[in-house]
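1. coordinates only, sequence not included:
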């Protein structure tokens, strides 16, 4: 089921569609929060706040195909707010050592999701299923979903990744 289908059902208050949508993207949102320097607890709060923002924006979303990018942007902004608030209350001597630059992966992740949106179609859906779905579906599940043989998923994945590399290379 596509994101557009799920969002359409969510607008009609379909709880199963909402659970599927959250299940599909919660790991992505949580990871974005973690990569922005948050603790696991704060990342969970940001994940919840991001999906609350999605509920509030269901009728306002313009480009349903860019839902992953939209969720990443909201999660990043929520993470920045959370991190900035914690900086105001955490003394410097208690700051975690070895923290990474929260902006280091930002451009890469944004470029990747924009490239996936440009890729579109079956390749986009396949790569999202393989690399971004929190359930990490098996090749058998993905083959069934796409109406293909299990042996055809690997080669299709390779062709889709090649197309994605070309798109990312053009944007570099």
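-> Here it is on my side, so go on. Keep in mind that what you see is a predicted model, and the values were worked out from it rather than measured.
2. hmm, residue 1 is touching residue 23, no?
-> No - in this structure, residue 1 is not within contact of residue 23 by CB atoms under 8 Å, at 11.6 Å. All C-beta spots, glycine's among them, are computed from the backbone N, C-alpha and C.
3. quick one, what contacts the closest residue to residue 70 other than its chain neighbours?
-> Computed as CB to CB, 6 or more residues apart in numbering, the closest residue to residue 70 that is not its neighbour in sequence is residue 61, at 6.9 Å. If a contact means CB atoms under 8 Å, 6 or more residues apart in numbering, then residue 61 has 7, 67, 70 as its contacts.
4. dump those residues into JSON lines; add distance to residue 125 as well.
-> Formatted as JSON lines, the contacts of residue 61 follow (distance: CB to CB, whole Å):
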{"residue": "7", "distance to residue 125": "15"}
{"residue": "67", "distance to residue 125": "12"}
{"residue": "70", "distance to residue 125": "17"}
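5. so the residue nearest to residue 70, which state does it fall into?
-> coil (DSSP: H, G, I helix; E, B strand; the rest coil).
6. next: the one 10 residues further on.
-> Secondary structure for residue 71, judged by three-state DSSP, is helix.
7. right, and it touches residue 24 too?
-> No - between residue 71 and residue 24 there is no contact under CB under 8 Å: 9.9 Å.
8. so residue 148 is in which element?
-> Assigned by DSSP states H and E, residue 148 falls within no helix or strand.
9. what sits closest to it if chain neighbours are left out?
-> residue 156 (6.9 Å).
10. angles on the backbone of the one you found, please.
-> In terms of degrees, to the nearest 10, the main-chain angles of residue 156 are phi -60, psi -40.
11. ok, it - how many residues close by?
-> 17 (other CB atoms under 10 Å).
12. let me see the contact set for it.
-> With CB under 8 Å, 6+ apart, residue 156 has these contacts: 122, 123, 126, 148.
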